[in-house]
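Q: Dropping the sequence and predicted coords here.
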Amino acid sequence: MSKYKMNILVCGGTGCKSSASDLLAAALRTELAERGLSGEVQVVVTGCFGFCEQGPVVNVLPDNTFYIKVKPEDAVTIVSEHIIKGRKVQNLLYTDPATQTKVDGSGAIDFNKKQLRIALRNCGFIDPEKIEEAIARDGYAALARVLTESSPEEVIGIIKKSGLRGRGGGGFSTGLKWEITSTVEADQKYVVCNADEGDPGAFMDRSILEGDPHTVIEAMAINGYCTGADKGLVYIRAEYPLAIERLKTAINQAREYGLLGKDILGSGFNFDIELRYGAGAFVCGEETALIHSMEGNRGEPTFKPPFPSEEGYLGKPTNVNNVETYANIPPIILKGADWFSSIGTEKSKGTKVFALAGKVNNVGLVEVPMGTTLREVIFEIGGGIKDGKKFKSVQTGGPSGGCLTEKHLDIPIDYDNLIASGSMMGSGGMIVMDEDDCMVSVAKYYLDFTVEESCGKCSPCRIGNKRLHEILDEITKGNGKPDDLDRLRNLSEVIKDTSLCGLGQSSPNPVLSTLEHFHDEYMAHVVDFKCPAGQCRDLMIYTIDAANCVGCTACARVCPVGAIAGERKEVHSIDQTICIKCGACLEKCKFNAVLVS
Amino acid sequence: MSSIKIELHENQVKELVEVCRSFNNEAGELINVLHKAQGIFGYLPAEVQEIVARELKVSVAKVYGVVTFYSFFTMVPKGQHPISICMGTACYVRGAEKVLDEFKRKLKVPVGETTPDGKFSLNCLRCVGACGLAPVVMVGDKTYGRVSPDGVKEILAEYA
């Protein structure tokens, strides 16, 4: 980047790309060319900046000016004002919600203040399609050091000492996993990158692959060197076309630079990477299922042991790590195990990337040191709850995790604390819910997902989750009974105890955690047949308030089933036996005459 | 599988056989082959699965087992404009279900089906990773963010 006086970084992550950041980048380039500035100012399309809520986002360097919600038509102003005249474009700057003042530097924004970026260190800074930019920021330096200075045992020792644990959800010690694979004798071994990010609402791995694919390639090569594998496989979702494209480009560039292939950096070490595509099966995030899928089979899990480290892909020892785990490896090698283990809590070291989403002001990708509290993430980084509503719950760990409440907000986030509170780290999805969210419906939503994604191999998961879903469905429809809550609890315990793989063993967590933390809300559904959040349609009763109704007939005309009767200028009424509770009358009425209870 | 035989284009069949050959007709490459096959035909009807089975020397049952296991593979042809509603958690809590209901009502087809004129097909997907724009709808490759039930009419009108 150095030969240019200025750089305009444009976020090319999926979120910003979906709001036309590619057109914006093109418009900036055209504008610069027209003004004869192409040789001095460079437009760099980077990976995800993280601040997705305010996208498309742009960062101008060297003065580190952060622009939000930039449209292609703003390109002219940015070039003529900021680039040429040196005046910041005020209306594109971020407004601090507390002080209502404009903030120009990205570091001064609350969203960024408490973050510490290790796995995401390059996302939003480099053009992921240029290996030179990765190398300029220490890309492949760790691989070079390892190949020339260290034995595999020494490297495994560093990773073990760093305390890094698997970021895919399991939380198993990464160094220990590498050690096990390295000690098994075999003629062929494999290392696998699990990029089958299937949690709905989680996009950490995708952003790393899109923003900094070289770090994953480098770490896989280091993993291969340590475990004695010369072949790496990335199992990636076919639904991530941009990540696939960037990874392919990165692999080809690494081959051209001799950083993949035969005799890497003259060390005699051979290593290459191939891609394998997932095809939309959540269970394939489980490592045995993932391996079966890579072999061209249905992705059904099998019993462990044997663990993949002993008997994996094609029956050979296979080390499976997740994308984010890999992204932590090069900095650990370069900065040392002590540096890494100085960050975080006693048993969870380093940082964790969360995909913060839902009813929170700043949706985005957040990387914080382990031990940060949920309150800091949601209220400081996340900027609090949308539209000034009240916080109700935060769901972590995706369909395997649980819903936490107000009283958990000050718990330091780490693997063990989250499990102790009835949820889990999972891969890092963090969904915030407000007072309008019905927790019974949320539990049903997750079960709906699990039922659809259960592979069907073992009966507790296949049949049990279906029954859980049915009970929850009846409750949301007003057909629940108080003893349904005991049935939910008992069935959940059985499914947890008897399912074959992690999917079934954790699928009842959303039910159990909501039952525990939102018992009153369940009771309201099964005793009073009311949904306090006002989400369960079948439990709502629409009536017309005679005092406010002016008889304008608007509601009667909009009602799709003709349930509303009444003459013009007379008070209307809703026939409850016909009403389908669609809410159309409520939306239409201008006189607040439609009541919901 | 359906009893109606579909006539496949000879050129497309040739292309598929070529794809199998490029993977050395290895059974372990079944999923990669199916991805390419779906790229050629748009979907994977029984006739395509039979060719894949023959070329990779595996049973048709095995191919069918894999096709039906993974949600990415479809045995139903998609519409000219495939509509996907994101039902990831972030979109769900921001009202994706109401948007889906509106699409169902407007198009008069259930999820997973195609309108009789072949114009639109309706599907749900799990997270496109654009959670900042929730709720998100995709029509073909185009992404629509912050979609409200009222916005459905306008989206459909673009493709009228």
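A: Arrived safely, thanks for sending. Numbers count the residues shown, from 1 in each chain, chains lettered A, B, ... in the order given.
Q: separation between the residue of chain B positioned farthest from its centre and chain A?
A: Going by Cα atoms, centre = their mean, the residue of chain B most distant from its centre is B:Asn24, 26.6 Å out. As defined by Cβ to the nearest Cβ, to the nearest Å, B:Asn24 lies at a distance of 12 Å from chain A. C-betas here are computed from N, CA, C, even on glycine.
Q: Find the nearest non-adjacent residue to the most centrally placed residue in chain A, please.
A: The residue lying closest to the centre of chain A (Cα atoms, centre = their mean) is A:Ala202, at 2.0 Å. Distance criterion Cβ to Cβ, 6 or more residues apart in numbering or on different chains; nearest residue to A:Ala202, sequence neighbours excluded, is A:Gly429 at 3.7 Å.
Q: try A:Gly336
A: Closest to A:Gly336 by Cβ to Cβ, 6+ apart is A:Ile158, at 7.3 Å.
Q: Kindly list the main-chain dihedrals of the one you found?
A: Torsion angles at A:Ile158 (phi, psi; degrees, to the nearest 10) stand at phi -60, psi -50.
Q: Could I get the contacting residues of residue 31?
A: Using chain A. A:Glu31 makes contact with A:75-76, A:78-79, according to Cβ atoms under 8 Å, 6 or more residues apart in numbering or on different chains.
Q: wait, I meant chain B there
A: Contacts of B:Ile31 by Cβ under 8 Å, 6+ apart are A:276-277, A:279, A:293, A:296, B:66, B:70.
Q: Try it again at 7 Å.
A: B:Ile31 is in contact with A:277, A:279, A:293, A:296, B:66, counting by Cβ atoms under 7 Å, 6 or more residues apart in numbering or on different chains.
Q: quick one: which of the residues you listed is most hemmed in?
A: A:Ser293 (26 neighbours; other Cβ atoms under 10 Å in any protein chain shown).
Q: Just say helix, strand or coil for it.
A: When classified by DSSP: H, G, I helix; E, B strand; the rest coil, A:Ser293 comes out as helix.
Q: so it makes contact with A:Pro301?
A: No - the pair A:Ser293 / A:Pro301 is not scored as a contact, 10.3 Å apart, by Cβ atoms under 7 Å.
Q: Flag the shaky bits of chain B, pLDDT-wise.
A: B:1-5 (pLDDT under 70).
Q: A:Pro200: how many residues sit nearby?
A: Quick note: A:Pro200 (other Cβ under 10 Å) scores 26 neighbours.
Q: Work out for me the element B:Leu30 sits within.
A: B:Leu30 belongs to helix B:30-41 when assigned by DSSP states H and E.
Q: ok, how many other residues are close to B:Phe23?
A: B:Phe23: 17 neighbours (other Cβ under 10 Å).
Q: returning to what we had before: residues touching the residue nearest to A:Ala202, list them.
A: A:199, A:201-202, A:355, A:396-398, B:89.
Q: let's see 10 Å
A: With Cβ atoms under 10 Å, 6 or more residues apart in numbering or on different chains as the criterion, the residues that contact A:Gly429 are A:197, A:199-204, A:354-358, A:395-401, B:88-90, B:127, B:131.
Q: Now intersect these with the strands, please.
A: Counting by DSSP state E, the contacts of A:Gly429 place A:354-358, A:395-396 in strands.
Q: near chain B, from the residues you listed?
A: A:355-358, A:395 (Cβ under 10 Å from any Cβ of the partner chain).
Q: ok, the residue nearest to A:Ala221 when sequence neighbours are not counted to chain B distance?
A: Closest residue to A:Ala221 apart from its sequence neighbours, by Cβ to Cβ, 6+ apart: A:Phe271 at 4.8 Å. Per Cβ to the nearest Cβ, A:Phe271 is found 21 Å from chain B.
Q: for A:Phe271, phi and psi?
A: Taking degrees, to the nearest 10 as the convention, A:Phe271 sits at phi -160, psi 130.
Q: can you give me the helices for chain B?
A: All helices of chain B, identified by DSSP state H, fall at B:10-22, B:30-41, B:46-56, B:60-69, B:89-93, B:96-107, B:151-157.
Q: Please identify the buried residues of the fourth one?
A: It stands for helix B:60-69. Residues B:62-64, B:66-67, B:69 are the ones in helix B:60-69 that count as buried (16 or more other Cβ atoms under 10 Å in any protein chain shown).
Q: what do you get for the last one?
A: Neighbour counts using 16+ other Cβ under 10 Å place B:152, B:155-156 of helix B:151-157 among the buried residues.
Q: Now do the contacts for the residue of the stretch 301-450 of chain A found nearest chain B.
A: With Cβ to the nearest Cβ as the measure, A:Ala357 is the residue of the stretch 301-450 of chain A nearest to chain B, at 3.4 Å. Listed by Cβ under 10 Å, 6+ apart, the contact set of A:Ala357 reads A:52-53, A:200-203, A:363-365, A:382, A:395, A:429-432, B:88-91, B:93-94, B:127, B:131-132, B:134.
Q: Would you mind measuring the gap between the ends of stretch A:77-87?
A: 10 Å (Cα to Cα, to the nearest Å).
Q: buried set for that stretch?
A: A:78-79, A:81-83.
Q: The helix holding B:Leu30 versus helix B:46-56: what angle between them?
A: 140 degrees (axes from the mean of the first three to the mean of the last three Cα atoms, to 10 degrees).
Q: tell me the angle helix B:30-41 makes with helix B:60-69.
A: 80 degrees.
Q: Run the chain-centre distance for helix B:30-41.
A: Its chain's C-alpha centre and that of helix B:30-41 lie 12 Å apart, by Cα atoms, centre = their mean, to the nearest Å.
Q: Buried residues, that helix. List them.
A: B:30-38, B:40-41.
Q: same deal with stretch A:493-512?
A: In stretch A:493-512, counting by 16+ other Cβ under 10 Å, buried: A:495-496, A:499-512.
Q: rounded to a whole number, what's the mean pLDDT of that stretch?
A: Stretch A:493-512 shows a mean pLDDT of 95.
Q: How many residues are close by A:Gly268?
A: So A:Gly268, with other Cβ under 10 Å, has 9 neighbours.
Q: Correction: the previous question concerned A:Gly478.
A: By the criterion of other Cβ under 10 Å, A:Gly478 has 16 neighbours.
Q: Ok, A:Gly388 next?
A: 8.
Q: got the contact list for it?
A: A:Gly388 neighbours (Cβ under 10 Å, 6+ apart): A:361, A:434.
Q: Can you check the pLDDT for it?
A: The model's pLDDT for A:Gly388 equals 93.
Q: Please, where are all the strands along the stretch 151-300 of chain A?
A: A:190-195, A:231-237, A:272-278 (DSSP state E, counting those that start in this stretch).
Q: JSON lines for those, including distance to A:Met370 and mean pLDDT?
A: Formatted as JSON lines, these follow (distance: least, Cβ to Cβ, whole Å; pLDDT from 0 to 100):
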{"stretch": "strand A:190-195", "distance to A:Met370": "21", "mean pLDDT": "97"}
{"stretch": "strand A:231-237", "distance to A:Met370": "26", "mean pLDDT": "96"}
{"stretch": "strand A:272-278", "distance to A:Met370": "28", "mean pLDDT": "95"}
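Q: which one of the ones you listed is the most hemmed in?
A: strand A:190-195 (a mean of 28; mean count of other Cβ atoms under 10 Å in any protein chain shown).
Q: could you give the angle of that one to strand A:231-237?
A: Using the same axes, to 10 degrees: strand A:190-195 against strand A:231-237 is 20 degrees.
Q: Tell me the strands beside strand A:190-195, with direction?
A: When sheet partners are counted by DSSP bridges, strand A:190-195 sits next to strand A:231-237 (parallel), strand A:318-322 (parallel).
Q: Mean confidence (pLDDT) on the last one, please.
A: If you average the pLDDT over strand A:318-322, you get 97.
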